[in-house]
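>>> no sequence for this one, just the structure:
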């Protein structure tokens, strides 16, 4: 761990009660051959509460006072996760903080537990559990095509993505995703015709 990370770890240990032991728990999760869902849930809560503090006025002031400047990417790097999984862990932590019963219901509904599966279960209101016990592939949509655009390409704070599913539905439809896809198709057509 670099000097700034030690300073940051000390600052977080002293200011965020739930951060205590989070880095060790993070190391344990990453070092496990088979990540256990229960450990991931505990870690996600610590990550979520720490992230909330880091974004709070109190956290920003404490970091500034300690001379620590961090972007969101720098903060993510403390945990060692890529952007998508980091976001999933933060969202699972929010769920753990506010609706723990949903996580319990998810654990009762399936043996193949995952962070993403739990978030989907919560989003679908528990509908995922009912479909999991049925015949293989029954009721499941396959992704036929995916389109994604990074925030940098859109000159925005957030990227976008859409998925075309085998049941005919398109997930992730927004004005931003449609405009990004139209821009890509326009440029592709120009190159094809050149």
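Received it, and whenever you're ready, just let me know what you need. Computed from a prediction, not measured in an experiment: that's the story for all the values here.
>>> all strands of the chain, in order?
143-149, 160-165, 170-171 (DSSP state E).
>>> Now render those as a markdown table, adding distance to residue 39.
Yep, even glycine has a C-beta here, placed from its N, CA and C like the rest. Output for the strands of the chain, formatted as a markdown table (distance: least, C-beta to C-beta, whole Å):
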| stretch | distance to residue 39 |
| --- | --- |
| strand 143-149 | 29 |
| strand 160-165 | 29 |
| strand 170-171 | 30 |
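>>> Deepest in the core, which of these is it.
Sort the strands of the chain by mean neighbour count, taking mean count of other C-beta atoms under 10 Å, and strand 160-165 sits at the top with a mean of 17.
>>> helices or strands next to that strand in the packing?
When contacts are defined as 3 or more C-beta pairs under 8 Å, 6 or more residues apart in numbering; DSSP states H and E, strand 160-165 packs onto strand 143-149, strand 170-171, helix 175-193.
>>> how does this structure divide into domains?
Annotated domains of the chain cover 3-98, 141-194 [automatic domain parsing].
>>> which one of those lies closest to residue 123?
domain 3-98 (9.6 Å; C-beta to C-beta).
>>> So what's the gap between that closest one and the chain middle?
13 Å (C-alpha atoms, centre = their mean, to the nearest Å).
>>> So that it lines up with my notes, have the first residue be 668 from now on.
Sure, I'll start counting at 668 from here, so that last one is domain 670-765.
>>> about what we covered before: lowest mean pLDDT across the domains of the chain, which one is that?
Ranked by mean pLDDT, the domains of the chain bottom out at domain 808-861, which scores a mean of 78.
>>> Distance to residue 718 for the helices and strands packed on strand 827-832 - can I get that in a markdown table?
Shown next, in a markdown table, are the helices and strands packed on strand 827-832 (distance: least, C-beta to C-beta, whole Å):
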| stretch | distance to residue 718 |
| --- | --- |
| strand 810-816 | 23 |
| strand 837-838 | 26 |
| helix 842-860 | 24 |
